[in-house]
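J.: fold the following for me, if possible:
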Amino acid sequence: MSNIASIFNPPPPRDFSDKEIAEQCLSCTTIQSLVGLIGGFYLSTSNQFKDKTSGKIDFHKNPLWWQKSVKGLGVILFGLGAYRAGEVLQILYNRKFEKH
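T.: Numbers count the residues shown, from 1 in each chain. Predicted coordinates:
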């Protein structure tokens, strides 16, 4: 069957096992974990609110409610990164100690 004909008559779908999903998603889960951890850590600090010349925080430019919101988002993002890191460790553990 040609490629064009397979668009209009695709093969039937199949279900993927958990093992197949885990094997294919290790690299993307690792990258998601790193982005979550690093981004969450950066957002939870006050460095992004400081003026580059004086090193002080301008409360007129960055009100306290905005700072708390961004820091809260950073904590949530860090937690998501930690959760994804746990999934990476679980995939690696299952890969190493899987019974053949």
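
J.: show me which helix runs longest in the protein.
T.: In the chain, taking DSSP state H as the definition, the longest helix is helix 64-96.

J.: just how off-centre is it within its chain?
T.: Helix 64-96 sits 7 Å away from the centroid of its parent chain (CA atoms, centre = their mean, to the nearest Å).

J.: by contact count, what packs against the lowest-mean-pLDDT helix or strand in the chain?
T.: In the chain, no helix or strand scores lower on mean pLDDT, DSSP states H and E than helix 18-24, which sits at a mean of 71. Helices and strands touching helix 18-24, by 3 or more CB pairs under 8 Å, 6 or more residues apart in numbering; DSSP states H and E, are helix 64-96. Placement of C-beta: from N, CA and C, glycine included.

J.: return the set of buried residues in the helix it packs on.
T.: Within helix 64-96, the residues scored as buried using 16 or more other CB atoms under 10 Å are 70-71, 74, 77-78, 80-81, 84-85, 87-88, 91.

J.: got a list of contacts for the least confident helix or strand of the chain?
T.: Applying CB atoms under 8 Å, 6 or more residues apart in numbering, the contact partners of helix 18-24 are 91, 94-95.
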